[in-house]
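A.B. asks: Fold the following, please.
(one chain, ligands or ions: 1)
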Amino acid sequence: MDRVMKVAWMYHDIMDLYGDTGNMMVLKKRCEDRDIQFVLHTIGIGQEADLNDYNLIFLGGGADKEQMSIIPDLLSRKENIKEAMDNHTFVLLICGGYQLFGQYYEAADKTQIPGLGFYNYHTDTGKEGARCIGNVVVDAILDGFETKIIGFENHGGQTVNVDHPLGKVIKGYGNSFDAGYEGFYDGKILGTYLHGPLLPKNPDIADFVITKALQKNDPDFKFSDLKKLDDTWETRAREAILSKLDIQN
Ligand code: GLN
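C.D. replies: Alright, predicted model coming up:
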């Protein structure tokens, strides 16, 4: 094992909705099946850590109350997160975590939670408490690589002013009721509303995240350098979901 993938899982005990933990299980399995050493550190409120030490930062989704509870700690790490991102630590963000990397998140009770402000997007609450809920399928092109991303969304937040969406929605809502686009991807972060969890349903995205993360130590590392794994079951599960949703694969 000469390659190492070091992951910082932020607020693992607080920001974890609809199976987000499954994302870490998938990364571990897909790394270990390829003899890539997988090191997972959980980072809780107040815990000392240098995020620049990691290949990947992962932050899952959470209810409004949970987002409010972690935000002071998250903001206190702003400089360190920026330094890590500038040094090619890749960032995977789900729903509530994705919202907090923008300008602000307006909770259902209208409290405005400040975000890290790294990006122009911001998130307002849905009109009269309306929420985007259901299965989602997205057509994405990531660094030239085309794939359908499958997941499940449940959010009140309506994210607007998104400069680099992750993909085009073909089923469900995505960034907001009428956005037509889902998530955010700019080469440094992949933010998405998709729980479900994301990576077991989308092994290509799992491998894409592993590739981006490994590039921190080896900028020449390519997606095609990852050994192919047997994804028979994952493929069947995807086909079953797509056919249930009447979507051509
Ligand atoms: N509390 C946020 C919202 O409702 C995020 C929810 C989530 O992470 N699923 O928009």
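
A.B. asks: Could you report the pLDDT at the residue in the chain positioned nearest to the ligand?
C.D. replies: Nearest residue of the chain to the ligand, counting by Cβ to the nearest ligand atom: Gly61, 2.5 Å away. Every residue, glycine included, has its C-beta placed from N, CA and C. At Gly61, the pLDDT value in this model is 97.

A.B. asks: if I pick the residue nearest to it when sequence neighbours are not counted, what's in contact with it?
C.D. replies: Nearest non-adjacent residue to Gly61, counting by Cβ to Cβ, 6 or more residues apart in numbering: Cys95, 3.3 Å away. If you count contacts by Cβ atoms under 8 Å, 6 or more residues apart in numbering, Cys95 has them with 17, 60-62, 153-155, 157, 192-195.

A.B. asks: At the contact with the ligand, which residues of the protein appear?
C.D. replies: 17, 61-64, 67, 95-96, 154-157 (Cβ under 6 Å from any ligand atom).

A.B. asks: Most neighbours among the contacts of Cys95, which one?
C.D. replies: Highest neighbour count within the contacts of Cys95, by other Cβ atoms under 10 Å: Tyr193, with 33 neighbours.

A.B. asks: That one: what's it in contact with?
C.D. replies: In this structure, Tyr193 makes contact with 94-95, 98, 132, 136, 151, 153, 155, 159, 173-175, 182-183, judged by Cβ under 8 Å, 6+ apart.

A.B. asks: where do the helices sit along this protein?
C.D. replies: Under the criterion DSSP state H, the chain contains helices at 21-32, 64-76, 78-86, 96-99, 198-201, 203-214, 232-244.

A.B. asks: The residue of the chain closest to the ligand and Thr21 touch, don't they?
C.D. replies: No: counting by Cβ atoms under 8 Å, Gly61 stays clear of Thr21, with 11.2 Å between them.

A.B. asks: could you pull out the strands for this structure?
C.D. replies: Taking DSSP state E as the criterion, the chain carries its strands at 4-10, 37-43, 56-59, 90-94, 104-106, 112-114, 122-124, 132-142, 145-155, 158-160, 167-171, 181-182, 184-185, 189-192.

A.B. asks: For those, could you give me CSV that also reports distance to Asn249?
C.D. replies: Listed next are the strands of the chain as CSV, based on distance: least, Cβ to Cβ, whole Å:
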stretch, distance to Asn249
strand 4-10, 29
strand 37-43, 30
strand 56-59, 28
strand 90-94, 24
strand 104-106, 34
strand 112-114, 39
strand 122-124, 32
strand 132-142, 10
strand 145-155, 7
strand 158-160, 28
strand 167-171, 12
strand 181-182, 18
strand 184-185, 22
strand 189-192, 20
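
A.B. asks: quick one: which of those strands is nearest Ile71?
C.D. replies: Closest approach to Ile71 among the strands of the chain (Cβ to Cβ): strand 112-114, 5.5 Å.

A.B. asks: quick one: low-confidence parts of the chain?
C.D. replies: 1 (pLDDT under 70).

A.B. asks: Report the central residue of it.
C.D. replies: Taking Cα atoms, centre = their mean, the centroid of the chain lies closest to Leu93, which sits 3.1 Å from it.

A.B. asks: For it, list the residues it contacts.
C.D. replies: 58-59, 100-101, 189-192.

A.B. asks: residues in contact with Gly187?
C.D. replies: Applying Cβ under 8 Å, 6+ apart, the residues near Gly187 are 143, 212.

A.B. asks: Met85 versus that one, what's the distance?
C.D. replies: 10 Å (Cβ to Cβ, to the nearest Å).

A.B. asks: got it, and Ser224?
C.D. replies: 25 Å.

A.B. asks: again, but for Ile150
C.D. replies: Distance from Ile150 to Met85, by Cβ to Cβ: 27 Å.
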